[in-house]
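Enquirer: how would this look folded up:
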Amino acid sequence: MTVEMFLALLLGFSTLASLATETIKKLFSTDGNVTAFIVAIVVGLAGTLIYYQLGSIDFTFNNIIYAVLMGLASSLVSQLGYDKIKEAIQKFLI
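Expert: All right, here's what the predicted structure looks like:
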């Protein structure tokens, strides 16, 4: 996986995880941080494995580790990214 593809997938997964987290928070009134962490891990891991399957990439031990790391990176970006953007928008609106 190239750096460009990693960043493109990370952007897509973190955006999808942020949207899914906000939907789950509104529907079930759950804690945002724990929900965001779990949703982002699942989205990042599953999305990377789907990318491997569609790209005919072998499921080697290293690629599985990369998929788990993509889930962790996705959770980090989706948690920090959404909160920072929300704060910036609120500062400009107030």
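
Enquirer: hang on, Tyr66 packs against Met1?
Expert: Yes. Using CB atoms under 8 Å, Tyr66 is in contact with Met1, at 6.7 Å. Backbone N, C-alpha and C define where each C-beta goes, glycine included.

Enquirer: for Leu93, give its distance to Thr21.
Expert: 22 Å (CB to CB, to the nearest Å).

Enquirer: the two - which one has more neighbours?
Expert: Applying other CB atoms under 10 Å to Leu93 and Thr21 shows that Thr21 carries more neighbours, namely 25 against 6.

Enquirer: and the more buried one, what element?
Expert: helix 3-28 (DSSP states H and E).

Enquirer: neighbours around the nearest residue to Ile57 once chain neighbours are set aside, how many?
Expert: Of all residues beyond its chain neighbours, the one nearest Ile57 is Asn63 (6.3 Å), with distances taken as CB to CB, 6 or more residues apart in numbering. Neighbourhood size, Asn63 [other CB under 10 Å]: 14.

Enquirer: where are the low-confidence patches of the protein?
Expert: Scanning the chain for pLDDT under 70 picks out 32, 81-86, 88-89, 94.

Enquirer: strands of that one, start to end?
Expert: With DSSP state E, there are no strands along the chain.
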